[in-house]
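> What follows is a predicted structure for the sequence shown.
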Protein chains: 6
Amino acid sequence: MRALYLGRFNPPHKGHIHAIEYIFNQPDIDELIILIGSGEKGYSTKNPFTGGERFEMLTALVRKSFDLKKIFISAIPDINRNTIWPANVVDLVPSFEVVFTNNPLVQQLFSKLVNKEVREIPLTNRSEYSGKKIREMMIKGKKWEENIPEEVVELIVKYQGIERIRSVSQSDEVEEIEHNKI
Amino acid sequence: MRALYLGRFNPPHKGHIHAIEYIFNQPDIDELIILIGSGEKGYSTKNPFTGGERFEMLTALVRKSFDLKKIFISAIPDINRNTIWPANVVDLVPSFEVVFTNNPLVQQLFSKLVNKEVREIPLTNRSEYSGKKIREMMIKGKKWEENIPEEVVELIVKYQGIERIRSVSQSDEVEEIEHNKI
Amino acid sequence: MRALYLGRFNPPHKGHIHAIEYIFNQPDIDELIILIGSGEKGYSTKNPFTGGERFEMLTALVRKSFDLKKIFISAIPDINRNTIWPANVVDLVPSFEVVFTNNPLVQQLFSKLVNKEVREIPLTNRSEYSGKKIREMMIKGKKWEENIPEEVVELIVKYQGIERIRSVSQSDEVEEIEHNKI
Amino acid sequence: MRALYLGRFNPPHKGHIHAIEYIFNQPDIDELIILIGSGEKGYSTKNPFTGGERFEMLTALVRKSFDLKKIFISAIPDINRNTIWPANVVDLVPSFEVVFTNNPLVQQLFSKLVNKEVREIPLTNRSEYSGKKIREMMIKGKKWEENIPEEVVELIVKYQGIERIRSVSQSDEVEEIEHNKI
Amino acid sequence: MRALYLGRFNPPHKGHIHAIEYIFNQPDIDELIILIGSGEKGYSTKNPFTGGERFEMLTALVRKSFDLKKIFISAIPDINRNTIWPANVVDLVPSFEVVFTNNPLVQQLFSKLVNKEVREIPLTNRSEYSGKKIREMMIKGKKWEENIPEEVVELIVKYQGIERIRSVSQSDEVEEIEHNKI
Amino acid sequence: MRALYLGRFNPPHKGHIHAIEYIFNQPDIDELIILIGSGEKGYSTKNPFTGGERFEMLTALVRKSFDLKKIFISAIPDINRNTIWPANVVDLVPSFEVVFTNNPLVQQLFSKLVNKEVREIPLTNRSEYSGKKIREMMIKGKKWEENIPEEVVELIVKYQGIERIRSVSQSDEVEEIEHNKI
């Protein structure tokens, strides 16, 4: 049976590895689609990396730790409308039967609107494996590399990710001065 | 003369009945378009019901309490742009001369941009007839049925609305954990 | 059981009356949603009337010939994407179980993508009850009123529909001259 | 009184100069907005130049031949919906009272939907001053420069316009071969 | 060399004059594109004036204080996507080599995504020349005219801007009452 | 060096295998992104399969014949605007240096707008390896399987592709009868 696993992966980290391992440990799951949502977002505090950069990072992680023959990866733009969003996902990835997600809204949308089975992923080390915490450490100049696989760290460095997230996070703080803002 | 009355109707309640009665009590109004705005939104704390569900609920209410021969009902998606929004409304509903609304922005948009007369609706029992308050009662497990007509209550139950709004309101509270969010 | 009947209704004509009668003659159908598609189009040879104008015309026809308590009417904008289009329809109208349509694409989309039963409407007098033929007669100055109910004819006249369709059909013929075209 | 003059200007040519002169010869017109429509289109046979390139070309023409203090120029993307299109134009340019256009559809849209006066421009030398003919001459390698002001010719050359239009016009002709098309 | 200077200009004020003067004082800059962003927004507290009104106001300011032969002005709608936004700007205005902006996000987007040189504008009198402060003074009934050029003040009065911003700012404060909001 | 290869792959066939082999035979190419364009289209004569179905088919083909560690596959929706389209592609896939395409428009867009090297793929057996011809054979009931890899044939059968394309191709032929079309 094929499963879908959704995230923003901004950036991919070791918590994602645990989640993928958990999914493949389910006896009835043999293939997995890992879908990068909000693929059209980038250069913001919440989504510092572009969909394409996250696609590259996540593939590097998967190539190292998982069997590529069982996995599909893609990055797609969001449709900013709850009630159509699951139909859009179904349209752009291979067919699947079950969605792994802990988000109550996503659970409602996939089960009520496109009739998919929904399952949860047990959380481990919640405080450490959090994209938000990692982004905060990047901005504050703290050690952000610890919970990120080496091959992803390299790509973050290659794309000057730390400089970028610090720069764009300043924009959020900039006061409204007419002649320097959009 | 035909009037337009706009709302999100999430869900329709007795305050809406009073408003419609008030409008038909105006001597110069003989037909009314009731337009469900934000029709494309649903499965959120602010808009738990879909445009189609609200269309069904509002029609049930109107069928019971008003003369169908004088009323048009429709649900349309928003255009998220103030300056074009009134032209979009004008385009998708029968022609009308006057808009009933208490919202200052909506008053400005219809009067300045598409040249419509704008009138206010006197508020009664403001604290009880509020969609926001009703949605809060639904989420908190309080008695939400009191100010909602019976035929609408039935549809909310049919569409498992209370389970839904509680579920999606949790998503708003969920902390950002990378592997369970979109 | 509730049915959906889709059309562009540009303009509504007597063929539509026969189709609605046929649907209500089905023993298992007790309510009908009549949905005006391409609601956002207007002022063109193929869609001379706006969604709102067609909404008004179709309601006039329904008020005269059918039981309003069994009917929902709405005009919505198209989503120009086959694979999402049925989810959009489902989202914006009351729930329904069966779709009446003779169009093979529409049949595929509703049955395969949103799991609806699909039924055909037997055609009668095909050559006379055709929106395309009626629009051609309007453009060519022929008698266009014959197959259109009186209450719809009145609205076409009120909105200066004949002048409009003749005018916009000229635009299709205008040669490309740089300084007078868009 | 301020007027609006619309075109695609792909590219600007001497016919446009005559049209602008004609408009300023009207005794009641003292300011003119020249609006480049389809600004978002480019790299096609019908619209070889981008909105920005046409903005630059048209400004070069205006700077040479007209009083800049009386003219506004802008390039905006189309809204592909007749019934909203005039509201979009009104929203993005300074206020105006009259529209100069020979296109019957544009005349209908501005007069019926946003209540503007509409006037025609007498055509002169129709066969020579045609954007379509000029583009055809560019594609076929004929003398295309004759009816284009020198300052515009220079920009077409600077942006390698002839190479571009020949290249993209080939795409229209390319047969559908799966592994080399989009 | 041609430069780009971006702002929302809601409304244009004397700080913008200083910025434009600063840019033209750069020895290598001889032409300037002044681009009004968020052109599609209007009738809100943050963007009270439409793109077209701001276009008219800014042109009045430029006509009085600068050489029109060196300046392009335009108002375009935003593309609400960071990673595509600079390509959209490049597409709709004449070609340019350098962008003047103090916003760190805008600096990142133009330098990393479309390879433009980015320069800052030294701020002067920051507390006085702020669109946000001016809009606050308008709402609160304080003297808002001081830092706005006379020709812009006239247009704000002509378009009843103070009445408008006070009205729409009330909408932000209106509590959620179902039967009077959208 | 990483390359990009674009197609609609409706459906994938043996010509695509030859193209991918050719690209990997280039000495300087070690990784390849295969991007399914028009991913949002489906259920039409030209694009019978959805983006997700084509994603699944193409992956089946690649898993059998190529080294997965060197390949990225994705299906993304089109942006229907030439001048922004390459920036959208760059945004949603891993970084790349060279594009393989025989389409003159695509060559212009990638080389002029996002500065990529462009290379051609020599065509072999053009008349047989054509998606258009294969789709025509499907519609006409001819032997369509010959030039399609076995693993793709299986998926076409699984998704009832032949029934689907025959059905939707009828819609293109259906005459305009008002009461059965959208």
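Sure thing, it's come through. Numbering: from 1, shown residues only, chains lettered A, B, ... in the order given.
> So in chain A, which helix runs the longest?
Ordering each helix of chain A by length in residues (DSSP state H) puts helix A:51-65 first.
> any residue of that one up close to chain F?
Yes - contact of helix A:51-65 with chain F (C-beta under 8 Å from any C-beta of the partner chain) involves A:51, A:52, A:53, A:55, A:56, A:59, A:63. (Glycine included, C-beta is placed from N, CA and C.)
> Quick one: distance of that helix to the chain centre.
Remark: helix A:51-65 is offset 10 Å from the chain centroid, using C-alpha atoms, centre = their mean, to the nearest Å.
> what's it packed up against?
Helix A:51-65 sits against helix A:14-25, strand A:31-36, strand A:71-75, helix A:150-158, strand F:71-75, helix F:85-92, with contacts defined as 3 or more C-beta pairs under 8 Å, 6 or more residues apart in numbering or on different chains; DSSP states H and E.
> wait, which of those is closest to residue C:37?
strand F:71-75 (27.1 Å; C-beta to C-beta).
> and that closest one, is it in reach of chain E?
No - counting by C-beta under 8 Å from any C-beta, chain E is not contacted by strand F:71-75; separation bottoms out at 16.0 Å.
> Just checking the distance from that strand to the centre of its chain.
Distance, stretch centre to chain centre, for strand F:71-75: 11 Å (C-alpha atoms, centre = their mean).
> hmm, back to that, so can I have JSON lines of the helices and strands packed on helix A:51-65 showing distance to residue E:107?
As requested, the helices and strands packed on helix A:51-65 are exported to JSON lines (distance: least, C-beta to C-beta, whole Å):
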{"stretch": "helix A:14-25", "distance to residue E:107": "31"}
{"stretch": "strand A:31-36", "distance to residue E:107": "26"}
{"stretch": "strand A:71-75", "distance to residue E:107": "25"}
{"stretch": "helix A:150-158", "distance to residue E:107": "20"}
{"stretch": "strand F:71-75", "distance to residue E:107": "30"}
{"stretch": "helix F:85-92", "distance to residue E:107": "18"}
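> now those as a markdown table including distance to chain B, mean pLDDT and mean neighbour count?
Formatted as a markdown table, these follow (distance: least, C-beta to the nearest C-beta, whole Å; pLDDT from 0 to 100; neighbours: other C-beta atoms under 10 Å in any protein chain shown):
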| stretch | distance to chain B | mean pLDDT | mean neighbour count |
| --- | --- | --- | --- |
| helix A:14-25 | 4 | 96 | 18 |
| strand A:31-36 | 9 | 98 | 23 |
| strand A:71-75 | 13 | 98 | 24 |
| helix A:150-158 | 12 | 98 | 17 |
| strand F:71-75 | 18 | 98 | 24 |
| helix F:85-92 | 17 | 98 | 24 |
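> So for residue A:90, which of these sits nearest?
Closest of the helices and strands packed on helix A:51-65 to residue A:90 is strand A:31-36, at 10.8 Å (criterion: C-beta to C-beta).
> Pairing partners for that closest one, with directions?
strand A:2-7 (parallel), strand A:71-75 (parallel) (DSSP bridges).
> Please enumerate residues in contact with the longest helix of chain A?
Contacts of helix A:51-65 with the rest of the structure, by C-beta atoms under 8 Å, 6 or more residues apart in numbering or on different chains, involve A:8-12, A:16-17, A:20, A:34, A:36, A:38-42, A:49, A:68, A:71, A:73-77, A:149, A:151-152, A:154-156, A:159, F:69, F:72, F:74, F:90-95.
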